[in-house]
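Visitor: Predicted structure and sequence below. I'll ask about it afterward.
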Amino acid sequence: EVQLVESGGGLVQAGGSLSLSCAFSGNTRNTHCMAWFRQAPGKEREGVAFVDGTGNTAVADSVEGRFTISKAGTNLYLQMDSLKPEDTGMYYCAAESLGFCRLDVDFRYWGQGTQVTVS
């Protein structure tokens, strides 16, 4: 079992920055592949970025050049710069992909989410 707790969301003006954190605990052997997802009201959940067990990272095309994912110790981070109103949504931390480590697969463990609103 893995527990995930996100923090760092909030209200920011377009063009601003936010840094999200996800503290994880429990069976950390299941945290080699971790990711950030988001869901806007009325829209499907969207993969934002992932980091695999070797430290390789990837981000979605929609956030390329603006968002950066990183992992240190028992924390996963998402640095979000040049934010746009379309980045608004609930952001979720996830661990242990059910398949290859990528954004188009489901994950076993999820946090409760942190709200990001860009005005």
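Guide: Arrived safely.
Visitor: Tell me the bridge partners for Ile69.
Guide: Leu78 (DSSP bridges).
Visitor: Look up how far Leu11 lies from it.
Guide: 22 Å (CB to CB, to the nearest Å). Glycine gets a C-beta too; all of them are placed from N, C-alpha and C.
Visitor: Looking at the two, which one has more neighbours?
Guide: Ile69 (20 against 12; other CB atoms under 10 Å).
Visitor: Surely the more buried one is in contact with Thr57?
Guide: Yes: counting by CB atoms under 8 Å, Thr57 is a contact partner of Ile69 at 5.2 Å.
Visitor: what sits in contact with each of these two?
Guide: Common neighbours of Ile69 and Thr57 are listed as 49-51 (criterion: CB atoms under 8 Å, 6 or more residues apart in numbering).
Visitor: What does the pLDDT read for Met30?
Guide: Actually, residue 30 is Asn rather than Met. Asn30 is assigned a predicted lDDT (pLDDT) of 79.
Visitor: Over to it: give its phi and psi.
Guide: When read as degrees, to the nearest 10, the backbone of Asn30 gives phi -100, psi 20.
Visitor: excluding its backbone neighbours, what's nearest it?
Guide: Glu96 (4.3 Å; CB to CB, 6 or more residues apart in numbering).
Visitor: The closest residue to Gly8 other than its chain neighbours and Leu98, how far apart?
Guide: Leaving out its chain neighbours, the residue that sits closest to Gly8 by CB to CB, 6+ apart is Leu20, at 4.2 Å. Remark: distance between Leu20 and Leu98 (CB to CB) = 23 Å.
Visitor: So these two - more neighbours on which side?
Guide: Using other CB under 10 Å as the criterion, Leu20 and Leu98 rank with Leu20 on top: 24 against 9.
Visitor: List the contacts of the more buried one.
Guide: So Leu20 contacts 6-9, 36, 77-78, 80, 91, 93, 114, 116 (CB under 8 Å, 6+ apart).
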